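>>> Predicted model and sequence follow; I will ask about them next.
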Amino acid sequence: MEHDIRTILEDVKTGTLSTEEAVLLLKQKPFVDTGYVDIGYAKVDLHRRVRQGAPEVIYGAGKTPEQILGIMKTMCDGGEGRILITRLSPDSAEIIKQSYPITYHPDARIGILGDLPTPDGLGSIVIATGGTSDVPVAEEAALTAEYLGNAVTRVYDVGVAGLHRLLSHSAEIMQASVIIAIAGMEGALASVIGGLADCPVIAVPTSVGYGASFQGLSALLSMLNSCASGVTVVNIDNGFGAAYTASMINHMRSGLR
């Protein structure tokens, strides 16, 4: 595989292959080669950064610390200097810290190896929450977005129970490149923001609310039925998925994607 990549780069250098053609060939390589390293319990995708613009993210829930460490070692050996681990428990984080100097964010349950990059997106991703109880999901989204190279503006506790709180941040909302609206209960925040903003709004229902909220199902259905144009919805408590999509939108320009 290394020989093939060198050949592609040499062809670009000599002018027999254009930059665009080389990028396409590199993205297609995992369909020709294996594109991953099999370590028994995981097939680590070392080609994902070239193919998708970001390296593989480790989902920590359900994995032992030893399994996470094995995946991290494989990624580091493959040249990755920055790694994101989501849904990481405090106990696993402490064990991992003995081998790798990760920064652990307990509210978001996120561990990050390496420094956050300088933002290179089109603009700012605004992350808004209905209440303080939604902040853990919001911080998962915020840290993921920052890890992926985005400037993030946090606008927390601006739910519709006190609409003036949201309107006091109208400048941030109207200048955003993408907005992630995170709310539980009836999930109305996404519709209100969708009626104010001229950019894509990604709604994240949370499992916050009283009994009839059904662990976020009520907010999910409300957001899916939003009458505001431009609102899309991810699954309950999926701050990571919202941030990843927001980052892709925020990097949609020539030379970046």
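Done, it's in.
>>> Report the buried residues of stretch 169-186.
For stretch 169-186, burial by neighbour count (16 or more other C-beta atoms under 10 Å) applies to 169, 173, 176-186. C-beta: built from backbone N, CA, C; applies to glycine.
>>> tell me what the strand or helix carrying Met174 is packed against?
Secondary structure assignment for Met174, by DSSP states H and E: helix 170-175. Packing contacts for helix 170-175, counted by 3 or more C-beta pairs under 8 Å, 6 or more residues apart in numbering; DSSP states H and E, involve strand 124-129, strand 151-155.
>>> Just send those strands back as CSV, with mean pLDDT too.
As requested, the helices and strands packed on helix 170-175 are arranged in CSV below (pLDDT from 0 to 100):
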stretch, mean pLDDT
strand 124-129, 97
strand 151-155, 96
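>>> Which among those strands is found nearest to Val201?
strand 124-129 (9.4 Å; C-beta to C-beta).
>>> got the angle between that closest one and strand 151-155?
Counting by axes from the mean of the first three to the mean of the last three C-alpha atoms, to 10 degrees, strand 124-129 lies at 30 degrees to strand 151-155.
>>> Mind listing the strands strand 124-129 pairs with, and their directions?
Strand 124-129 pairs in its sheet with strand 151-155 (parallel), strand 178-183 (parallel), by DSSP bridges.
>>> Following the chain onward from that strand, which element is next?
Using DSSP H and E, the helix or strand that follows strand 124-129 towards the C-terminus is helix 135-147.
>>> So what angle separates the directions of that next one and strand 124-129?
170 degrees.
>>> Run through the residues that contact Thr19.
Val12 (C-beta atoms under 8 Å, 6 or more residues apart in numbering).
>>> got it, and Ala145?
Applying C-beta under 8 Å, 6+ apart, the residues near Ala145 are Ile125, Ile127, Val152, Ile180, Ala243, Ala246, Ser247.
>>> Adding distance to Val158, write these out as TSV.
Output for these, formatted as TSV (distance: C-beta to C-beta, whole Å):
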residue	distance to Val158
Ile125	16
Ile127	11
Val152	15
Ile180	13
Ala243	18
Ala246	18
Ser247	22
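>>> Pull out the buried residues from the residues you listed.
Buried members of these, scored by 16+ other C-beta under 10 Å, are Ile125, Ile127, Val152, Ile180, Ala243, Ala246, Ser247.
>>> Could you single out the nearest of the contacts of Ala145 to Asp45?
Ser247 (17.9 Å).
>>> all strands of the stretch 1-150 of the chain, in order?
Secondary structure of the stretch 1-150 of the chain by DSSP state E, counting those that start in this stretch: the strands cover 36-38, 43-45, 58-59, 83-86, 103-105, 110-113, 124-129.
>>> Name the stretch among the ones you listed that sits most buried.
Comparing these by mean neighbour count (mean count of other C-beta atoms under 10 Å), strand 124-129 comes out on top with a mean of 27.
>>> contact partners of that strand?
By C-beta under 8 Å, 6+ apart, strand 124-129 touches 135, 137-138, 141-142, 145, 150-159, 166, 169, 172-173, 175-183, 189, 193, 243, 246-247, 250.
>>> please redo it, this time with the cut-off set to 7 Å
135, 138, 141-142, 145, 150-158, 172-173, 176-183, 189, 193, 246, 250 (C-beta atoms under 7 Å, 6 or more residues apart in numbering).
>>> hey, C-alpha coordinates of stretch 83-94 in PDB?
Extracted in PDB, the C-alpha atoms of stretch 83-94 (Å, rounded to 0.1, in the frame of the first residue of the first chain):
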ATOM      1  CA  ILE A  83      -7.700  10.400  18.900                       C
ATOM      2  CA  LEU A  84     -11.200  10.900  20.100                       C
ATOM      3  CA  ILE A  85     -12.900   8.500  22.400                       C
ATOM      4  CA  THR A  86     -16.700   8.900  23.000                       C
ATOM      5  CA  ARG A  87     -18.900   7.400  25.800                       C
ATOM      6  CA  LEU A  88     -15.800   6.700  27.900                       C
ATOM      7  CA  SER A  89     -16.400   5.800  31.600                       C
ATOM      8  CA  PRO A  90     -14.300   7.500  34.300                       C
ATOM      9  CA  ASP A  91     -12.900   4.200  35.400                       C
ATOM     10  CA  SER A  92     -11.700   3.300  31.900                       C
ATOM     11  CA  ALA A  93     -10.300   6.900  31.500                       C
ATOM     12  CA  GLU A  94      -8.100   6.400  34.600                       C
END
